[in-house]
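1. Structure for the following, please:
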Amino acid sequence: MADDAESLDKMFRPPINRAMRSLDRAFFHKRIPICAARVLDNKTISKCLSDLQASRDILKLDRIANVRPDPVEGSPGRRCLLLKPEIQEQDSSTWSSKLRELVQARQLNIIPYELHLDYSYWTYHDIISSILPRYETDEIPSGFSTVGHVVHLNLREPYLPYKHLIAEVIRDKNSGIKTVINKLDDVGEENEYRTFRYEVLVGNDDLNVEVREEDCVFRFDYSKVYWNPRLNTEHRRLIEKFQEGEAVCDVMAGIGPFAVPAGKKHVFVKANDLNPDGYKYLADAIVRNKVNEFVEPFNDDGHDFIKTATARLLQSDRHVELITAPAKVKTTTPNEGKEAPATKRLYQPKIFDHFVMNLPASAITFLPSFVGLYSGQSHLFQPYTETLLPMIHVYCFSTKSDDNLEEKIKICNEISQQLKYEIRPDAPEMEIYDVRDVAPNKRMFCASFRLPVAVAFRAK
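-> I've put the predicted structure just below:
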């Protein structure tokens, strides 16, 4: 049975050409002789199809329609049903009892049929597997990122001779993709703004993209700012921790994947990015998504911003009027009973509820800015000092293991060194969340903990 399944699988694979260096789409075609059941009365097509599906006689192949026009000339409007390859026209022993029954009842005839597959049928994985050298096909390049109309590759050395082939097939097989680029920097190498050098493999050098995330629209030049579509789930996870009316300080905000959706939740956000282009597109996203009343953009150094944003919030005094569900208005005028919008007032807090620091390569080194952040201001947090201090969500890289116990200890030690205060993995409200794999022995984590009293009020 295993041999039969493998033989059947080979039958529908594309032809192989491991010497191909320039994509030849016409090379990928195949004519496969099978059989079909000619339906003698079109009124019975649905019944015959249902019967043959139940008896497992129908060809089950992804992206292939089972009902086809009759291949015989002079049979306009007549239909046939594709049968699985094991069924032979002249050998009724290969037919199921249901198929024999339908033929004997003169509802069907078994006829030869030539199934034609071409380049448009096979998937990216199918095509690339038939091109790359056999020793490379165990790990097909498939971990690419899609950002708007751009696909971003990070190809390993063995695949570089095939980079243009790979790029063309990716564009062909992914609707809406116009440009495919390959990262040129070494893996893990990042500049101050987390941008990268690249080469265009297919399409125009146009990286002005539009992406949608969490019901928000972002437009930006992908070559000038940082964006990672694989972090969508992580953005959502953290944003779900923010409550309406809270205040959040997004220290390394990028173009706003945390800040803008949080603003839509009516969370007050001070959002900062050091990259001037990041700031520009952050400001654009704030306006574009109509969260101006809740999100304010800044272009400062993150170390300074933690302190200045905290001081600015303490001194601020503002609120936002929100329209809520309509309420009945009783009047003596002809408009009596007409609905009018009800409003509620949200006051911006004086103290941040959350700090977000999404710069995994170095965010932990910004933690000393929290030492003495509220020095001399402990009276603002009475009588429940500890619970009123902000939560800090700091992203970082570390090694990886099955249970991450060693990594959690290592991350807490690094945080403790920066704060000059011991943070333990088992401390209350301490969470070290495994975000995603970055490389074979590298993971991205998010460490969340409440700012300790001894750190926040330490004398400067």
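
2. Do a quick rundown of the helices in the stretch 51-200 of the chain.
-> Assigned helices in the stretch 51-200 of the chain, in chain order: 97-104, 124-129, 163-173 (criterion: DSSP state H, counting those that start in this stretch).

3. Out of those helices, which gets nearest to Y279?
-> helix 163-173 (31.9 Å; C-beta to C-beta). From N, CA and C alone the C-beta is placed, and that goes for glycine too.

4. can you give me the helices in the stretch 201-350 of the chain?
-> Under the criterion DSSP H, counting those that start in this stretch, helices of the stretch 201-350 of the chain are mapped to 232-239, 259-264, 276-288, 302-315.

5. Need the winner for burial among the ones you listed.
-> helix 259-264 (a mean of 26; mean count of other C-beta atoms under 10 Å).

6. which residues sit against it?
-> 213-216, 218, 235-236, 239, 242, 248, 250, 253, 269, 271, 282, 285-286, 289, 291, 294-295 (C-beta atoms under 8 Å, 6 or more residues apart in numbering).

7. again, only using 7 Å
-> Contact with helix 259-264 is made by 214-216, 235, 239, 242, 248, 250, 253, 269, 271, 285-286, 289, 291, 294-295, as judged by C-beta atoms under 7 Å, 6 or more residues apart in numbering.

8. what does stretch 391-407 give?
-> Counting by C-beta under 7 Å, 6+ apart, 238, 353-361, 363-364, 367, 370, 410-411, 434, 437-438, 441-451 sit against stretch 391-407.

9. Buried members of those into ChimeraX, please.
-> Entered in ChimeraX, the line below selects the buried ones among these, by 16 or more other C-beta atoms under 10 Å:
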select :238,353,354,355,356,357,358,359,360,363,364,367,370,410,411,438,443,444,445,446,447,448,449,450,451
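
10. List the ones among the contacts of stretch 391-407 that fall in strands.
-> Using DSSP state E, the subset of the contacts of stretch 391-407 located in strands is 354-357, 434, 437-438, 442-450.

11. Give me the lowest-pLDDT entry from the residues you listed.
-> Minimum pLDDT for those is recorded at V438 (87).

12. That residue - nearest residue in space that isn't next to it in sequence?
-> Spatial nearest neighbour of V438, excluding adjacent residues (C-beta to C-beta, 6 or more residues apart in numbering): M444 at 5.3 Å.

13. ok, now which ones touch that neighbour?
-> 360, 395, 397, 435-436, 438.

14. Including distance to S375, could these go into a markdown table?
-> Compiled in a markdown table, the contacts of M444 are given as follows (distance: C-beta to C-beta, whole Å):
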| residue | distance to S375 |
| --- | --- |
| P360 | 29 |
| Y395 | 26 |
| F397 | 31 |
| V435 | 32 |
| R436 | 37 |
| V438 | 37 |
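
15. Pick out whichever of these sits closest to L314.
-> Nearest to L314 among the contacts of M444, with distances taken as C-beta to C-beta, is Y395, at 25.9 Å.

16. Could you look up the SS state of the closest one?
-> When classified by DSSP: H, G, I helix; E, B strand; the rest coil, Y395 comes out as strand.

17. Now do the same for the closest residue to it other than its chain neighbours: its pLDDT.
-> Nearest non-adjacent residue to Y395, counting by C-beta to C-beta, 6+ apart: P360, 4.4 Å away. Looking at P360, its pLDDT reads 95.

18. Does Y281 touch I255 like I think?
-> Yes. With contact defined as C-beta atoms under 7 Å, Y281 reaches I255; the gap is 4.3 Å.

19. list residues touching both of those two?
-> Between them, Y281 and I255 share the contacting residues 220, 225, judged by C-beta under 7 Å, 6+ apart.

20. and the residue lying closest to P141 once chain neighbours are set aside, how many neighbours does it have?
-> Closest residue in space to P141, ignoring its immediate chain neighbours: Y159 at 5.3 Å, by C-beta to C-beta, 6+ apart. For Y159, the count of nearby residues is 18 (other C-beta atoms under 10 Å).

21. correct me, but Y159 touches S142?
-> No. The criterion here is C-beta under 7 Å, and Y159 misses it with S142 at 11.0 Å.

22. Just list whatever residues bridge to the residue nearest to V438.
-> F397, R436 (DSSP bridges).

23. thinking again about what came up before, of the ones in strands among the contacts of stretch 391-407, closest to R56?
-> The closest of the ones in strands among the contacts of stretch 391-407, once distances to R56 are taken by C-beta to C-beta, is D437, at 40.2 Å.

24. how about that closest one, what does it touch?
-> 400, 443.

25. repeat for L201
-> 163-164, 167, 180-182.

26. rerun at 8 Å
-> 153, 163-164, 166-167, 180-182.

27. picking that back up, so which of the helices of the stretch 51-200 of the chain is nearest I32?
-> helix 124-129 (14.5 Å).

28. how much space is there between the nearest residue to A427 once chain neighbours are set aside and I415?
-> Among residues not flanking A427 along the chain, F449 sits closest, at 6.7 Å (C-beta to C-beta, 6+ apart). Using C-beta to C-beta, to the nearest Å, F449 is found at 7 Å from I415.
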